[in-house]
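Asks: Fold the following and give me the result.
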Amino acid sequence: MSIDIATRGTSLHVTDSIEQRQCVVRMPEPADVETIDGDRFYFPVDAAARIDTGSITLGSYVATFIRNGDGDVVAQLDRTDEVNLDPGEYLIELEQPVKLYVRIEGSLHVDTNGMTTTVSTDGDLFVAGRSRHNHPAGTITTTGEPRDMMRAVSAMSSSLKTTSVERSYPTLRGHPPEIELGDELDVPESMAPADAGVRIEVPPRLRFVYAVAPLAFYLGAEVVPGTVPRLVGKDGFTHRLDGPGGFEETVAQTLKQTLLFDCVARTEGFYRIELAERDDVDALVDLDWADLYDRSLSEQLDAYLTVPFERIADCVPKWKTAGYVAPEPENAELLPYLLEDLATIKTPAGEATTAEQVQTDSLFDFARAGSGPDVTALTGATRSSTRSMGDERAQTPQGSLPDLVKPEPTGAFETVWADDGVPVGGIKASIDGYRNGLEHTPSQEIGVTVVVNDEGMTEEGDVAEEVYGDDTEFPFDLRVYRNLTTDRLSAVLETEREFLHYIGHVESDGFQCSDGRLDARELDFVGVDAFFLNGCASYDQGMALLENGAVGGVVTLTEVVNSGATRVGEAMVKLLNHGFPLHSALSVASQQSFVGGQYSVVGDGDVDVVQGESIGATITDIEQSGDEYVARVQVYPDGDLGTGGMASINIGGDNRHHLAPGIIGEVRYSDLESLLDDTEEDLARYNGEIKWLSDFST
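Replies: Predicted coordinates for the structure are as follows:
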């Protein structure tokens, strides 16, 4: 069983050992726990228990739905609200990293104050949890022949838990089956397409099949050969997929528009919430959402797609993932992982670039953002082992470097590159990394290793040692090593740990140690799940870690000046310890230094080190504008929050839900003290600089 429910003093811990996720609630006094059958709960759960207490308190506000014993919603609470209900049977659904349910048999009082949620009763109180863990249900084997690939892609929708508009919730889409290349097509009987009553016709070529794969997955549509790319449904519905913007762009727009409208329509169903995007869309279109909610998919699409995309484009939430995937048979094995993120997929588009140009662009981008660096730092020592620490001329990379490519902008939070070359500012896809993540073996503690392999780089190491694991709620094991030999570093890399933060010199052919270099390509096994290699040109060594067992990591593409690398490293420490996954952390940390554009993610960018307090990685941007202070809540994607998810701001008077990830609200204050009193998150960006809220002075 992946879910464990246990008490520690006055704390109740609901723990998902597979996903390394935990929900902690408070009780007024220590209480006993009695394991019970989960049948008492309307929804499926992995574990349930009776708690001998009359009250529990969750240390954050979450969307709170109260249902009766039949599963019907009888009350919903806003950010500051309370409800009292007569004795009966009630089920409370709490959105947490572990899906949490509270069952009450008796009277019910629920109170939310914007910071906490308290549930009280004079009767019996039961708690249950369901894991968000969702591995592929199996494997589909296919040849590289386009018609076989069509059938394999069609079967991806077998993981959908519903074909109603509620599939717009990420948790109701499921992880598609894996795809493996073989000598013949083999689709298990249990992996039939969802058969939602629509099909997608495209010419039988891989570039067409890959591009429509996310749309087919989301709609539960079968992909079949056709001369003209189009959607075809029952009752005569058709929609061309080769619009004015071209085939791939039209497919992407169709997916985005359908998901947006599904998110609006779902407010008429199981979760009747106040959604900000519904207000925005209703101001632009005239659709009867209550009527559309109960219509067939063909009828819904017929209504949705009569609206020009340009009219509602600004209402579409920022997409989590965009994939550039070369139409080669081997890249089919990446599709399930891209579809899990509902990524848009296009044929790779970009231009070759050089290390020198990457360094120059990084500097100019940083300067344009309004944070000009100290010019003396621009020519400082680098983290290349081929340069002495006093050589301030070190700007031209030495040794072999990967072929770099600058992808065309996608507008998504993350751009995954599955083609030759290494993307600047994107994620280099790795099937090894994704599959290694499926084989992850959870440990009792979150293991973080910090290696400082150069005495001149102790500042970043000191910050890492101070900040990582500064959280008493979750089991944590921090180990710090300095000046390792090749043998000792090899042992560290082979030890099973959740995260490695390496600080030191790196070359394409190895990590610089006190007695020489260690080439990760020569290791038999890598036990580290995720890593941050903060040294020069660490891409090749990072890919070697993935090939030998790691899941994802952050690397450098060129030489990096030591002072700039330290600034990026210190920002990464704060963000990772705040629950940010690798890619989201790098998105923010790279803006802190003129070398930020020289870093990239390899493998799975959703890997995190510690669990955040809520779903999504949140930071509050604070800017001074004249006599006012402006706060914008920015939610970055993580493994728990994908496209179609929701969040609400914890400041100001906006109690609506917003589609996330993205900026979900803006509030203005007359003074900084009022803003800080109203802000729940403890991490902020003030005039571009990452700070703990406790560091602000008013």
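Asks: Which residue ranges of the stretch 201-350 of the chain form strands?
Replies: 222-225, 230-233, 238-240, 321-325, 344-346, 350-353 (DSSP state E, counting those that start in this stretch).
Asks: Please identify the nearest residue in space to E93, excluding sequence neighbours.
Replies: F65 (4.6 Å; C-beta to C-beta, 6 or more residues apart in numbering). For the C-beta atoms, the positions are set from N, CA and C on the backbone; glycine is no exception.
Asks: That should have said M646, apologies.
Replies: Per C-beta to C-beta, 6+ apart, closest to M646 is H657, 4.5 Å.
Asks: How about the contacts made by that neighbour?
Replies: If you count contacts by C-beta atoms under 8 Å, 6 or more residues apart in numbering, H657 has them with A63, I273, E274, L275, A276, M646, A647, S648.
Asks: Please enumerate the helices of the stretch 101-250 of the chain.
Replies: Using DSSP state H, counting those that start in this stretch, the helices of the stretch 101-250 of the chain run over residues 146-154, 206-219, 247-265.
Asks: Who is the residue nearest to E93 paired with across the strands?
Replies: Q76, E93 (DSSP bridges).
Asks: these two touch, right, it and V73?
Replies: Yes: under the criterion of C-beta atoms under 8 Å, F65 makes contact with V73 at 5.7 Å.
Asks: Tell me which of these two has more neighbours.
Replies: F65 (19 against 15; other C-beta atoms under 10 Å).
Asks: residues contacting that one?
Replies: Counting by C-beta under 8 Å, 6+ apart, F65 has contacts V73, A75, Q76, I92, E93, Y271.
Asks: at 6 Å what do you get?
Replies: Counting by C-beta atoms under 6 Å, 6 or more residues apart in numbering, F65 touches V73, Q76, E93.
Asks: Grab the nearest non-local neighbour of G603.
Replies: G433 (2.7 Å).
Asks: tell me the pLDDT at that neighbour?
Replies: G433 carries a pLDDT value of 95.
Asks: same thing with Q541?
Replies: Looking at Q541, its pLDDT reads 96.
Asks: residues touching it, list them.
Replies: So Q541 contacts V506, A520 (C-beta under 6 Å, 6+ apart).
Asks: Just to be sure, it is in a strand?
Replies: No: with DSSP: H, G, I helix; E, B strand; the rest coil as the criterion, Q541 is assigned helix and is not in a strand.
Asks: how far does stretch 325-341 stretch from start to finish?
Replies: End-to-end distance of stretch 325-341: 15 Å, with C-alpha to C-alpha, to the nearest Å as the criterion.
Asks: Could you pull out the buried residues of that stretch?
Replies: Residues of stretch 325-341 classed as buried: 325-327, 331-341 (neighbour count, 16 or more other C-beta atoms under 10 Å).
Asks: swap in stretch 245-252?
Replies: F247, E248, E249, T250, V251, A252.
Asks: how close does the residue nearest to E93 sit to C23?
Replies: 16 Å (C-beta to C-beta, to the nearest Å).
Asks: Equivalent analysis for E268, please.
Replies: For E268, the distance to C23 - C-beta to C-beta - is 30 Å.
Asks: And those two? Which one has more around it.
Replies: Using other C-beta under 10 Å as the criterion, E268 and C23 rank with C23 on top: 22 against 17.
Asks: Among the strands of the stretch 201-350 of the chain, which comes closest to V127?
Replies: When these are compared by C-beta to C-beta, strand 321-325 sits nearest V127, at 33.8 Å.
Asks: So what touches that closest one?
Replies: Under the criterion C-beta under 6 Å, 6+ apart, residues 210, 331, 338, 341, 343-346, 348, 407, 410, 412, 414-418 lie in contact with strand 321-325.
Asks: how about low-confidence regions in the stretch 451-600 of the chain?
Replies: Scanning the stretch 451-600 of the chain with the threshold set as pLDDT under 70 gives 469-475.
Asks: Try it again at 80.
Replies: The stretch 451-600 of the chain contains residues with pLDDT under 80 at 455-456, 461, 463-465, 467-476.
Asks: Could you give the separation between the terminal residues of stretch 216-235?
Replies: With C-alpha to C-alpha as the measure, what separates the two termini of stretch 216-235 is 19 Å.
Asks: Quick check: buried residues in that stretch?
Replies: 216-223, 226, 229, 231-233.
Asks: Including distance to E494 and pLDDT, could those residues go into a markdown table?
Replies: Shown next, in a markdown table, are the buried residues of stretch 216-235 (distance: C-beta to C-beta, whole Å; pLDDT from 0 to 100):
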| residue | distance to E494 | pLDDT |
| --- | --- | --- |
| A216 | 41 | 98 |
| F217 | 37 | 97 |
| Y218 | 41 | 97 |
| L219 | 45 | 97 |
| G220 | 44 | 96 |
| A221 | 45 | 96 |
| E222 | 46 | 97 |
| V223 | 43 | 98 |
| G226 | 51 | 97 |
| P229 | 49 | 98 |
| L231 | 50 | 98 |
| V232 | 53 | 97 |
| G233 | 54 | 93 |
